[in-house]
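Colleague: here's my sequence, what's the structure:
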Amino acid sequence: MKIVGVVATGVACHTKVRHEFIPAENDKTFTVSFWAKVDAKEGTSRKVEISIQSPDEEWPGFYSTTITLNSTDWKEYTRTFTLENENLLGEIRVGLCVAQSDIDFWIDDFRFFEDVPKAVNPSGKAAFTWGRIKR
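Modeller: Residues are numbered from 1 along each chain as shown. This next block holds a predicted model:
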């Protein structure tokens, strides 16, 4: 998906790409991982913010972190964290806040899952560089 930044408000979460009503438990470890690239015609880097919140607008966020997308080729970005908040009521929404910059970028294969990423033994498997496949 291409994210076109028309007007940067300076406040990251004024515009979000998000998925809601995901079951989640307190004190569990989760990972957000996605592939992205900055549109080379627009610039070479831009910031995005991962936001984990309650589906209820009245509750504050549970986790957020800023990531600098720093490649015009496909690159994987991953953040692992533990949800620790007494206000967690069993469901969350996962979002990518994008209004802090007007630089366009591409995103693909956005994943949110419980646990940490597992290493894969490539023995006997075809090895590829993701960025070269996506061109």
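Colleague: please make it C-alpha for all contacts and neighbour counts, starting now.
Modeller: OK.
Colleague: would you mark the buried spots in stretch 75-86?
Modeller: Within stretch 75-86, the residues that count as buried by 16 or more other Cα atoms under 10 Å are 75, 76, 79, 80, 81, 82, 83.
Colleague: test my guess that residue 72 contacts residue 42.
Modeller: No - proximity of residue 72 to residue 42 does not meet the contact threshold set by Cα atoms under 8 Å, at 9.7 Å.
Colleague: just the buried residues of stretch 75-86: which are in helices?
Modeller: Among those, no member falls in helices (criterion: DSSP state H).
Colleague: which ones among those map onto strands?
Modeller: Those of the buried residues of stretch 75-86 mapping onto strands are 75, 76, 79, 80, 81, 82, per DSSP state E.
Colleague: circling back: more neighbours: residue 72 and residue 42, which one.
Modeller: Applying other Cα atoms under 10 Å to residue 72 and residue 42 shows that residue 72 carries more neighbours, namely 19 against 14.
Colleague: residue ranges for the strands of this protein, please.
Modeller: Per DSSP E, the chain carries strands over the ranges 2-3, 16-23, 29-38, 46-53, 61-69, 75-82, 91-97, 105-114.
Colleague: so, low pLDDT: which residues of this protein?
Modeller: 8, 57-60, 120-135 (pLDDT under 70).
Colleague: before we move on, back to that, dump the strands of the chain into a markdown table; add distance to residue 9 as well.
Modeller: Shown next, in a markdown table, are the strands of the chain (distance: least, Cα to Cα, whole Å):
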| stretch | distance to residue 9 |
| --- | --- |
| strand 2-3 | 15 |
| strand 16-23 | 12 |
| strand 29-38 | 19 |
| strand 46-53 | 13 |
| strand 61-69 | 16 |
| strand 75-82 | 24 |
| strand 91-97 | 11 |
| strand 105-114 | 17 |
